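**Student:** sequence and predicted structure below; questions after.
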Amino acid sequence: MPSVDLRLPEPERRLAAALASAWRDLLYVPGPGFTSPLDPGVYRSSFVIALAAGAAVRLSSLIVPAFGTELCRLRLEPLERHPAERLGSFFEPARTGAVHALTGDRLGGAARPPDRAEWRYEGPALVARLGRPSRVRLLREVGRGAGFSWQADRGIVITTGDGDACLLLGEADPGETASFLPTLGLHRALLDPSAELPPGVSVRGLLGYGEWDADVDVTVELRSLPYFRDG
């Protein structure tokens, strides 16, 4: 049976485990597609977590063609440097970063603040919730169809300072952006199988497989960190 393995390799699992420490900031790339009226409270970008100690960690999505479609997982990369002045901050919402735009004569480009509200974060500062996470877990996706299967470490669940949870989720987006959900809403069903969902909403649909054939089964598992062996 063809099977695709998109579990995090060991270096990325170590980066994920390191996120259970103090954060200096959570940064994003401002611009088009950052928010959507169809998904209020979901932010799509590549993200940078600036840890209080050690290198920063960039989070985006790794996309792999498989079974005539695309699968994805969250991707973590260490960053020795990052252009903080061009990035927006969830910890200090007044810092909205910069976008690249044409000059008035349309002959060149220049960096300027993101003037559209939907291009930047305008919610409450998240430093109290995320400045010191208490726990980090992997959200593993397991899929089975007629003659094929896959596993993917699709996201990271972060237990916040107030005891709630937020989610960083890989997406099969052409720009390799990930999603950040400061509050879970319907996505709480990915963590809690007993959570009630409205008619027509399913775990499979929340993960982006709503249009797939009904005989494809998609479930999720929560995996504790740190762990450094495949399992």
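**Tutor:** Arrived safely.

**Student:** neighbours around Leu38, how many?
**Tutor:** Neighbourhood size, Leu38 [other CB atoms under 10 Å]: 6. (Each C-beta comes from the backbone N, C-alpha and C, glycine too.)

**Student:** what helix or strand is it located in?
**Tutor:** Following DSSP states H and E, there is no helix or strand that holds Leu38.

**Student:** please apply the same query to Glu141.
**Tutor:** Under the criterion of DSSP H and E, Glu141 resides in strand 135-145.

**Student:** summarise which helices and strands that strand is packed against.
**Tutor:** When contacts are defined as 3 or more CB pairs under 8 Å, 6 or more residues apart in numbering; DSSP states H and E, strand 135-145 packs onto helix 10-18, strand 148-159, strand 217-224.

**Student:** average pLDDT for it?
**Tutor:** For strand 135-145, mean pLDDT is 94.

**Student:** given it, what are its sheet partners and their directions?
**Tutor:** strand 148-159 (antiparallel), strand 217-224 (antiparallel) (DSSP bridges).

**Student:** most tightly surrounded among those strands?
**Tutor:** Greatest average neighbour count among the strands paired with strand 135-145 goes to strand 148-159 (a mean of 22), per mean count of other CB atoms under 10 Å.

**Student:** mind giving me the packing neighbours of the following helix or strand past that one?
**Tutor:** Downstream of strand 148-159, the next assigned helix or strand under DSSP H and E is strand 165-170. Other helices and strands packing on strand 165-170, by 3+ CB pairs under 8 Å, 6+ apart, are strand 56-66, strand 69-79, strand 148-159, strand 178-181.

**Student:** for Ala56, give the beta-bridge partners.
**Tutor:** Bridge pairing for Ala56 - DSSP bridges - gives Leu79.

**Student:** what's the answer for Ser60, then?
**Tutor:** In this entry, Ser60 is beta-bridged to Arg75, by DSSP bridges.

**Student:** give the contact list for it.
**Tutor:** Residues near Ser60 by CB atoms under 8 Å, 6 or more residues apart in numbering: 46-47, 74-75, 77, 176-178.

**Student:** what of Ile156?
**Tutor:** 16, 19, 59, 74, 136-139, 167-168.

**Student:** which two among these are spaced furthest apart?
**Tutor:** Spatially, the most separated pair among those is Leu59 and Arg137, at 14.9 Å (CB to CB).

**Student:** with neighbour numbers in mind, choose between those two.
**Tutor:** The residue with more neighbours, out of Leu59 and Arg137, is Leu59; 25 against 19, by other CB under 10 Å.

**Student:** the more buried one contacts Arg75, correct?
**Tutor:** Yes - under the criterion of CB atoms under 8 Å, Leu59 makes contact with Arg75 at 7.0 Å.

**Student:** dump stretch 10-21 to CSV, restricted to CA.
**Tutor:** The C-alpha trace of stretch 10-21 is given here as CSV (Å, rounded to 0.1, in the frame of the first residue of the first chain):
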residue,chain,number,x,y,z
GLU,A,10,14.3,14.9,14.4
PRO,A,11,15.9,18.4,14.0
GLU,A,12,12.4,19.9,13.6
ARG,A,13,11.0,18.0,16.5
ARG,A,14,13.8,19.5,18.7
LEU,A,15,12.8,23.0,17.5
ALA,A,16,9.2,22.3,18.3
ALA,A,17,10.1,21.1,21.8
ALA,A,18,12.2,24.2,22.3
LEU,A,19,9.0,26.3,21.8
ALA,A,20,8.0,25.3,25.4
SER,A,21,10.1,28.1,26.7
